[in-house]
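1. based on what follows, work out the 3D shape:
(one chain, ligands or ions: 2)
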Amino acid sequence: MTSRNAETPVMAPDWADACACPSCGVPLDSVDGKLHCAKCRGSWPVIDGVPHFVESFPYWGEMPAEQMQGVNRRAATGSWRAALLESEDPQVRKAAGMILNLDRANWHWLADLPPDSRVLDLGAGTGTNSHALGMRFGDVTAVEPVMERVDFMRRRFAQEGLPHVKVLRSSLWILPFLKNSFDLVAMNGVLEWVATGVPGDPAELQKRALENVFKLVRPDGYFYLGIENRYSLGYFAGYPDPHCGLPWVPILPRALANWYARRKGQPEGYRQYLYSSGGYRKLLESVGFNRIEIYLALPTYNDPRFLIPLEDNIFDYYRETFNGGGKQSRKRIALDLARRMGLLKHCEYSFAILARK
Ligand SMILES: C[S@@+](CC[C@H](N)C(=O)[O-])C[C@H]1O[C@@H](n2cnc3c(N)ncnc32)[C@H](O)[C@@H]1O
Ligand SMILES: [Zn+2]
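-> Numbers count the residues shown, from 1 in each chain. Ligands and ions are numbered 1, 2, ... in the order given. Now for the predicted structure:
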């Protein structure tokens, strides 16, 4: 484990070349440490090499804000890995497993792209996917609105020697890039969150977010979506939804889920909509994507050991090969029956979805 006394210098990327005005879509100029639009006269600061297109955004993270700030303080003068792994706080060490797991992004091997591809990771969090993508691709942009996570990523990529993985502070509603400018855009665990704290119908907001994304992908380019399945078996057994913490809401009709969430003390109602595989397919097609390949991400999309195509009989092969045998129990018999009826594959926890423009 390396330890540094001074902060690793970050090479400032040439943002003017990489960005466009989020309102006018024209390229930006770099003026006095700011990005500037000559058309609408908008200007955005570049702080510590990171352009800020949003100024404030509520904290979100695998660990509480205070712990994340502590990790950032240690990563400023020492190793970012050690700041996680050598923390005395069990919450930080637990989050470390997630944050360090580069296998999370193994889905990218499904995309047939050359190493010089330009890649965008939206809602990049602490940068696990961006880090993995940066080891294969020559130009990666990590977009994230939460300041603590932006700070963490900036140090992570600098210390890892990944200057081509750039960090930009923004959200899905303000995307400062030229149309058709990315070979691959990824959203892992993000689409379900976009309506949180934003007024309007969640389904409409999710569709609008995807429309924004669609514009950025070049023709024939890829879009990756990692997300939970609305009809995961656990929800039928009363397991809480991992986003809002309430049981039943994913599987209930939306209006009922909304009413139930309010009744349970969530004044916003239910907003983190999930869909079935068919629902995601329809949603992606509705914004213009095609050649949509849906994989079951097993056991979860945040730690996928297997990506099993939903089509054909590959799930049956997987289940019989890797989950077959064992003790006969009532649960096992019920699951086998559900598999034979072709239902079980629609009730796995999450999907990895690859679509083309
Ligand atoms: C579950 S985390 C996933 C992080 C990362 N993609 C990963 O897989 O490790 C969701 C991320 O989406 C970000 N996020 C939430 N709302 C967003 C929005 N409107 N635009 C962009 N990112 C958003 C959060 O700040 C958070 O970092
Ligand atoms: Zn402008």
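
2. would you map the helices across the stretch 1-150 of the chain?
-> For the stretch 1-150 of the chain, applying DSSP state H, counting those that start in this stretch gives helices covering 15-18, 65-77, 80-85, 90-100, 128-134, 147-159.

3. quick one: those as CSV, columns for distance to ligand 1 and mean pLDDT too.
-> C-beta: built from backbone N, CA, C; applies to glycine. CSV is the format used below for those (distance: least, C-beta to the nearest ligand atom, whole Å; pLDDT from 0 to 100):
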stretch, distance to ligand 1, mean pLDDT
helix 15-18, 17, 83
helix 65-77, 11, 95
helix 80-85, 14, 95
helix 90-100, 7, 93
helix 128-134, 5, 97
helix 147-159, 5, 97
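
4. next, the nearest residue to residue 310 once chain neighbours are set aside: phi, psi?
-> In space, and not counting its chain neighbours, residue 310 is closest to residue 294: 4.5 Å by C-beta to C-beta, 6 or more residues apart in numbering. With angles defined as degrees, to the nearest 10, residue 294 shows backbone torsions of phi -110, psi 130.

5. same thing with the one 3 residues further on?
-> Backbone torsions for residue 297, taken as degrees, to the nearest 10, come to phi -100, psi 110.

6. cool, and the one 4 residues further on?
-> Summarising the backbone geometry of residue 301 under the convention degrees, to the nearest 10, its torsions are phi -70, psi -10.

7. what do you get for residue 183?
-> Backbone torsions for residue 183, taken as degrees, to the nearest 10, come to phi -80, psi -30.

8. isn't it up against residue 223?
-> No: using C-beta atoms under 8 Å, residue 183 is not in contact with residue 223, being 10.6 Å away.

9. what do those two both touch?
-> Counting by C-beta atoms under 8 Å, 6 or more residues apart in numbering, the common neighbours of residue 183 and residue 223 are residue 217.

10. who's more crowded, those two?
-> residue 223 (26 against 19; other C-beta atoms under 10 Å).

11. wait, a strand at that one?
-> Yes: counting by DSSP: H, G, I helix; E, B strand; the rest coil, one finds residue 223 located in a strand.

12. and the residue lying closest to it once chain neighbours are set aside, what does it touch?
-> Distance criterion C-beta to C-beta, 6+ apart; nearest residue to residue 223, sequence neighbours excluded, is residue 355 at 4.6 Å. The contact partners of residue 355, by C-beta under 8 Å, 6+ apart, come to 222-225, 284, 289-293.

13. is residue 355 within a helix or a strand, and which one?
-> strand 350-356 (DSSP states H and E).

14. so is that strand next to ligand 1?
-> No: on the criterion C-beta under 6 Å from any ligand atom, strand 350-356 is out of touch with ligand 1, staying 11.5 Å away.

15. check the average confidence over that strand, would you?
-> The predicted model assigns strand 350-356 a mean pLDDT of 97.

16. and it, which strands flank it?
-> Paired neighbours of strand 350-356 in the sheet (DSSP bridges): strand 217-228 (antiparallel), strand 290-300 (antiparallel).

17. of those, flag the one that's most buried.
-> Comparing the strands paired with strand 350-356 on average neighbours per residue, with mean count of other C-beta atoms under 10 Å, the densest one is strand 217-228 at a mean of 20.

18. ok, that strand near ligand 1 or not?
-> No: residues of strand 217-228 contacting ligand 1 under C-beta under 6 Å from any ligand atom: none, with a closest distance of 6.7 Å.

19. how far does that strand sit from the chain's center?
-> 12 Å (C-alpha atoms, centre = their mean, to the nearest Å).

20. what about residue 47, distance to ligand 2?
-> Going from residue 47 to ligand 2 by C-beta to the ion, to the nearest Å gives 20 Å.

21. neighbouring contacts of the helix or strand of the chain with the lowest mean pLDDT?
-> Among the helices and strands of the chain, helix 330-340 carries the lowest confidence by mean pLDDT, DSSP states H and E, at a mean of 79. With contacts defined as C-beta under 8 Å, 6+ apart, helix 330-340 is touched by 315-316, 319, 326, 344-345, 347.

22. cutoff 10 Å now
-> Residues from elsewhere that reach helix 330-340 (C-beta atoms under 10 Å, 6 or more residues apart in numbering): 233, 315-316, 319-320, 323-326, 328-329, 343-347.

23. between these, which sits nearest residue 26?
-> Top of the list for closeness to residue 26, among the contacts of helix 330-340 and by C-beta to C-beta, is residue 346 at 45.3 Å.

24. the stretch 201-350 of the chain: helices as residue ranges?
-> Along the stretch 201-350 of the chain, the stretches classed as helices by DSSP H, counting those that start in this stretch are 202-216, 233-236, 254-263, 277-287, 314-322, 330-340.

25. buried residues, the second one. List them.
-> This means helix 233-236. Within helix 233-236, the residues that count as buried by 16 or more other C-beta atoms under 10 Å are 233, 235.

26. now that helix: average pLDDT?
-> What helix 233-236 shows for mean pLDDT is 93.

27. pull that helix out as PDB, backbone CA atoms only.
-> These are the backbone C-alpha positions of helix 233-236, laid out as PDB (Å, rounded to 0.1, in the frame of the first residue of the first chain):
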ATOM      1  CA  LEU A 233     -39.100 -13.000  -6.200                       C
ATOM      2  CA  GLY A 234     -38.200 -11.400  -2.900                       C
ATOM      3  CA  TYR A 235     -40.700  -8.600  -3.300                       C
ATOM      4  CA  PHE A 236     -43.500 -11.100  -3.500                       C
END
